[in-house]
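>>> all I have is the shape, not the residue letters:
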């Protein structure tokens, strides 16, 4: 199950200072950012992300008052004793989210709350370091549903990496041989620019074929390891299920995979449509329409340019 990352960016510092935390949240693919009431519009001007605040214009209403808890609310409570634990348990019967803050992590009754509220609402623990986040996310093995990171830029990125590793789905990939490669004329193509740098042997599953990112320099173009070139009508994997590339928008989340089947969430930064010469690649009774300047992932993560593909080449597909 995917764990959520929320980033805390409220407080008394100037908006210009806290704005950098919002940008880090967007770049890290966080699901939500917490800000002061009245700053919701400022966040939305920076990018697409859920806004948590005590303001009426929030996507998720934040409250510390159990009398104001409703279905779309996030109830925030600092645990100091058993009474606070009971308060959180009661709020969790109605609220969509409960956020737990504790100064002394050694005495947090986190196990009790997870056991009582799991499946009734989403439980998030406030964490200022990667170690605190790990403790919360791994308690009772199933852990909390996410973390509210009240940390600096470096720790936020560490926490995001931790969440990715704990949430990662492992895909079953097979190496199969290409049976044919044929010209498919000029068609609609899309460059998906993400907010992340992809690694060698990593890309997107398009119609079950693992399409490689632009990680290496080619004679007429600098490397763009954040980009994947793909057919506009291809279907790719997202946290919400399968979508066509043409249905994607900036700010949407998509799922990448490497040649070992390890996955992670990426945030779409930009969608760039174009017309390109396309190829029809056939393998294992499946077909993929791909730009001839794109590439597929081969055995052990090898990048194979689409324009050089030939029958007998080994490529990675999802089963």
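Great, that's in hand. Note that the structure is a prediction, hence the values are computed from the model and not measured.
>>> mind listing the residues bridging to the nearest residue to residue 59 once chain neighbours are set aside?
Leaving aside its sequence neighbours, residue 59 sits nearest to residue 50 (C-beta to C-beta, 6 or more residues apart in numbering; 4.4 Å). The C-beta positions use only the backbone N, C-alpha and C, and glycine is treated the same way. Beta bridges link residue 50 to residue 32, judged by DSSP bridges.
>>> hang on, residue 50 packs against residue 34?
No - Residue 50 sits out of contact with residue 34 when judged by C-beta atoms under 8 Å, with a separation of 9.8 Å.
>>> quick one on the thing from earlier: what about the residue nearest to residue 59, how many residues nearby?
Each residue near residue 50 was counted by other C-beta atoms under 10 Å, and the total is 15.
>>> now do the contacts for it.
31, 32, 33, 59, 60 (C-beta atoms under 8 Å, 6 or more residues apart in numbering).
>>> wait, isn't residue 30 in contact with residue 6?
Yes - between residue 30 and residue 6 there is a contact under C-beta under 8 Å: 6.3 Å.
>>> anything in contact with each of these two?
What both residue 30 and residue 6 touch, as defined by C-beta under 8 Å, 6+ apart, is the set residue 149.
>>> please tell me how far residue 172 sits from residue 178.
Distance from residue 172 to residue 178, counting by C-beta to C-beta, to the nearest Å: 20 Å.
>>> of these two, which one has the most company?
Neighbours per residue (other C-beta under 10 Å) separate residue 172 from residue 178, with residue 178 holding more: 19 against 7.
>>> so what pLDDT did that one get?
On pLDDT, residue 178 comes in at 97.
>>> in which helix or strand does it reside?
strand 173-194 (DSSP states H and E).
>>> got the buried residues for the next helix or strand after that strand?
Following strand 173-194 in sequence order, the next helix or strand is strand 202-206 (DSSP H and E). For strand 202-206, the neighbour count (16 or more other C-beta atoms under 10 Å) marks 202, 203, 204, 205, 206 as buried.
>>> and strand 202-206, what does it pack onto?
Secondary-structure packing of strand 202-206 (3 or more C-beta pairs under 8 Å, 6 or more residues apart in numbering; DSSP states H and E): strand 209-212, strand 227-231, strand 235-238, strand 253-258.
>>> so which of the ones you listed comes closest to residue 99?
strand 253-258 (21.7 Å; C-beta to C-beta).
>>> and that closest one, which strands flank it?
Short version: by DSSP bridges, strand 253-258 pairs with strand 202-206 (antiparallel), strand 263-283 (antiparallel).
>>> between strand 173-194 and that strand, find me the angle.
Interaxial angle, strand 253-258 versus strand 173-194 (axes from the mean of the first three to the mean of the last three C-alpha atoms, to 10 degrees): 140 degrees.
>>> quick one on the thing from earlier: deepest of the helices and strands packed on strand 202-206, which one?
Counting by mean count of other C-beta atoms under 10 Å, strand 209-212 has the highest mean neighbour count of the helices and strands packed on strand 202-206, with a mean of 26.
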